[in-house]
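Novice: generate coordinates for the sequence data below:
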Amino acid sequence: MHIVRYVLQSMAPALLFIIVSIPTKRRSLFQELILLSLWLAGLITPIYYAGQFSYISSISVSVWCWATGLKMAVWLFCMSMDERRKRLFLWTLFHWRTRSGPLSIVAKPDEYVDLPLMPYVWDCVRHQCYFELMVMSFRWLDAQRPIHIFQHALGIVLSAFYYPGGGDWLHQNPTITIDAVLVSFGMCILFSIYLQMQMQVTYDAFMAGCCAAYRAFPYLEQQYPQHQRRIRQVKAYIEDTVTMPPMFDAPWSATSLRDFWSHRWHKFYHDSFYRLGFVPVRRTLDWIGGPHVPRSLRRILPALAVFCFSGIMHEYFLYCAAGPKLYFGSPLGAGGWQLIFFVVQIFGIIIGDLFFHEGWAGSLWAIAYMVFTSHLFVVPYLLLDNFSFAIVSMTLKAFLQ
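Specialist: Below is the predicted model:
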């Protein structure tokens with residue numbers, strides 16, 4: 001299949017969903033079935049063609065299908081008819097964050113405020129410099145060493161529980177020194193910062209573009225008065241977007257692991273994951289046991305559902321880009337490790353809540369736990385032997401959100 005045809009076929013379900021989802025007076029079973037079919041088609045298409053195109057093409061399409069699929073799922077399973085009528089799916093598609101407080105900038109429909117452009121431009125330049133520093137670091141260090149360390153550690157576990165001797169592949173890199181371990185963990189840390197900087201640069205550039213476009217709206221209103229209503233709708237959207245809390249809130253300054261995941265890391269998927277994962281699990285616990293369910297389970301299980309969602313999302317991207325051969329490769333495939341990474345975060349949060357209070361102790365625990373588990377997140381990207389795959393993935397996620 002030609003790449004253009006593949007892209008159009010993958011985008012079609014979401015575009016058709018915009019048309020078919022026009023709210024009716026009453027819920028229609030026929031309409032719901034069509035919308036459900038479009039939702040499934042959008043998610044399945046990249047899986048069906050997994051690994052058949054370049055990494056860039058595959059990851060771009062998979063991010064689009066997952067991002068739009070989340071919004072379709074929220075529309076289908078979490079929104080009442082009244083909520084659907086208030087915000088059509090086209091606008092729901094661009095609504096990624098729920099504001100926790102009032103607008104910092106309140107402008108009338110015909111009033112234009114001063115949205116600062118240069119701070120975003122300078123932030124973009126600064127973060128781009130950090131990003132280039134990470135690129136030079138990767139060129140200097142051996143990018144394959146984290147794979148060897150992870151492979152060797154996995155072989156030790158297998159030799160202890162399943163395969164005496166760890167299998168032949170355990171001995172492919174039998175000499176593991178302290179220096180190699182330190183470099184391996186250092187690579188994982190740098191790779192995490194590398195990804196964050198790329199997302200941050202994309203975010204800064206997008207916000208700068210919004211501020212620059214905002215300044216052209218008064219002129220557009222004068223030149224095209226017949227489109228005034230639509231121009232002002234976009235104007236209001238930009239005002240709301242620019243005044244949202246930042247995508248990252250100094251993640252490396254987190255006072256605990258819970259603080260890192262709840263408030264510091266990017267939260268563009270937060271609203272969708274909350275409605276599709278956290279709320280259903282919490283309601284199920286209330287239905288099963290109500291007040292008799294231990295408070296600890298009421299906090300842990302819904303949060304675990306959100307982490308599972310995040311893990312599945314990353315596995316979806318990996319599989320669609322790598323294909324079954326690399327994803328399920330032998331002896332060490334790329335599949336499954338990122339899901340494990342997100343699932344085990346809940347145990348780190350539990351331990352941190354029990355033994356390390358917020359402050360310097362909580363910060364040290366958050367850093368230590370993230371470093372300790374970092375191979376689970378980083379190694380799958382290295383197994384694909386294509387750093388541009390990871391960069392394009394994170395860039396598109398930031399852009400689409």
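
Novice: nearest spatial neighbour of residue 365, chain-adjacent residues omitted?
Specialist: residue 356 (4.1 Å; CB to CB, 6 or more residues apart in numbering). Just so you know, the C-beta spots here come from the backbone N, C-alpha and C atoms, and that holds for glycine as well.

Novice: roughly how far apart are the one you found and residue 139?
Specialist: 36 Å (CB to CB, to the nearest Å).

Novice: and the two? which has more neighbours close in?
Specialist: Legend: neighbour count by other CB atoms under 10 Å for residue 356 and residue 139, higher for residue 356 (21 against 8).

Novice: the one helix or strand residue 82 maps to - contacts with which helices or strands?
Specialist: Following DSSP states H and E, one finds residue 82 within helix 81-86. Here helix 81-86 touches no other helix or strand, going by 3 or more CB pairs under 8 Å, 6 or more residues apart in numbering; DSSP states H and E.

Novice: now that helix, how far from the centre of its chain.
Specialist: For helix 81-86, the separation from the chain centroid amounts to 27 Å (computed by CA atoms, centre = their mean, to the nearest Å).

Novice: next secondary structure after that helix?
Specialist: Downstream of helix 81-86, the first helix or strand assigned by DSSP H and E is helix 89-92.

Novice: and for that following helix, what's in contact with it?
Specialist: 17-18, 21, 71-72, 74-75, 79 (CB atoms under 8 Å, 6 or more residues apart in numbering).

Novice: go through those residues and name the one nearest residue 116.
Specialist: residue 71 (29.8 Å; CB to CB).

Novice: residue contacts, residue 276?
Specialist: Residue 276 neighbours (CB under 8 Å, 6+ apart): 70, 73-74, 77-78, 309.

Novice: swap in 7 Å and give it another go.
Specialist: By CB atoms under 7 Å, 6 or more residues apart in numbering, the contact set of residue 276 is 73-74, 77-78, 309.

Novice: about what we covered before: may I see the buried residues of the helix holding residue 82?
Specialist: residue 84 (16 or more other CB atoms under 10 Å).

Novice: ok, and what's touching it?
Specialist: Contacts of helix 81-86 (CB under 7 Å, 6+ apart): 23, 27, 75.

Novice: isn't the last one up against residue 21?
Specialist: Yes. At 6.3 Å, residue 75 and residue 21 qualify as touching, with contact defined as CB atoms under 7 Å.

Novice: check which helix or strand residue 207 maps to.
Specialist: Going by DSSP H and E, residue 207 is in helix 178-214.

Novice: send me the helix or strand that that helix is followed by as CSV with only the CA atoms.
Specialist: Counting by DSSP H and E, the next helix or strand C-terminal to helix 178-214 is helix 217-223. C-alpha atoms of helix 217-223 as CSV (Å, rounded to 0.1, in the frame of the first residue of the first chain):
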residue,chain,number,x,y,z
PHE,A,217,-6.9,38.3,14.1
PRO,A,218,-7.8,42.0,14.2
TYR,A,219,-6.6,42.4,10.7
LEU,A,220,-8.5,39.2,9.6
GLU,A,221,-11.7,40.5,11.2
GLN,A,222,-11.5,43.7,9.2
GLN,A,223,-10.7,41.9,5.9
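
Novice: mind listing what's buried along helix 217-223?
Specialist: 217, 220-221.

Novice: which SS class is residue 111?
Specialist: coil (DSSP: H, G, I helix; E, B strand; the rest coil).

Novice: list phi and psi for it.
Specialist: Backbone torsions of residue 111, given as degrees, to the nearest 10, read phi -110, psi 140.

Novice: for it, give its distance to residue 155.
Specialist: From residue 111 to residue 155 the distance is 65 Å (CB to CB).

Novice: go on, residue 322?
Specialist: 22 Å.

Novice: about what we covered before: quick check: mean pLDDT across the helix holding residue 207?
Specialist: Mean per-residue pLDDT for helix 178-214: 84.

Novice: which positions within that helix qualify as buried?
Specialist: By neighbour count on 16+ other CB under 10 Å, the buried set for helix 178-214 is 180, 183-188, 190-208, 210-211, 214.

Novice: chain neighbours aside, what residue packs nearest to residue 345?
Specialist: residue 307 (5.5 Å).

Novice: you'd agree that neighbour is up against residue 344?
Specialist: No. Using CB under 7 Å, residue 307 is not in contact with residue 344, being 8.7 Å away.

Novice: higher neighbour count, those two?
Specialist: The neighbour comparison of residue 307 against residue 344 (other CB under 10 Å) goes to residue 307, with 20 against 16.

Novice: in which helix or strand would I find that one?
Specialist: Assigned by DSSP H and E, residue 307 falls in helix 295-327.

Novice: which strands or helices does that helix pack on?
Specialist: helix 29-48, helix 55-77, helix 270-273, helix 279-288, helix 337-355 (3 or more CB pairs under 7 Å, 6 or more residues apart in numbering; DSSP states H and E).

Novice: if we use 8 Å, what do you get?
Specialist: If you count contacts as 3+ CB pairs under 8 Å, 6+ apart, helix 295-327 packs onto helix 29-48, helix 55-77, helix 270-273, helix 279-288, helix 337-355, helix 387-400.

Novice: average model confidence for stretch 124-136?
Specialist: 84.

Novice: can you give me the buried ones in that stretch?
Specialist: 124, 127-128, 130-131, 134-135.

Novice: any chance of those residues in TSV with secondary structure and distance to residue 146 as columns?
Specialist: Conversion of the buried residues of stretch 124-136 to TSV gives the following (DSSP: H, G, I helix; E, B strand; the rest coil; distance: CB to CB, whole Å):
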residue	secondary structure	distance to residue 146
124	helix	29
127	helix	24
128	helix	25
130	helix	21
131	helix	20
134	helix	15
135	helix	17
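
Novice: quick one: whichever strand or helix holds residue 374 to chain centroid distance?
Specialist: Assigned by DSSP H and E, residue 374 belongs to helix 360-383. Centroid separation for helix 360-383 versus its chain: 17 Å, with CA atoms, centre = their mean.
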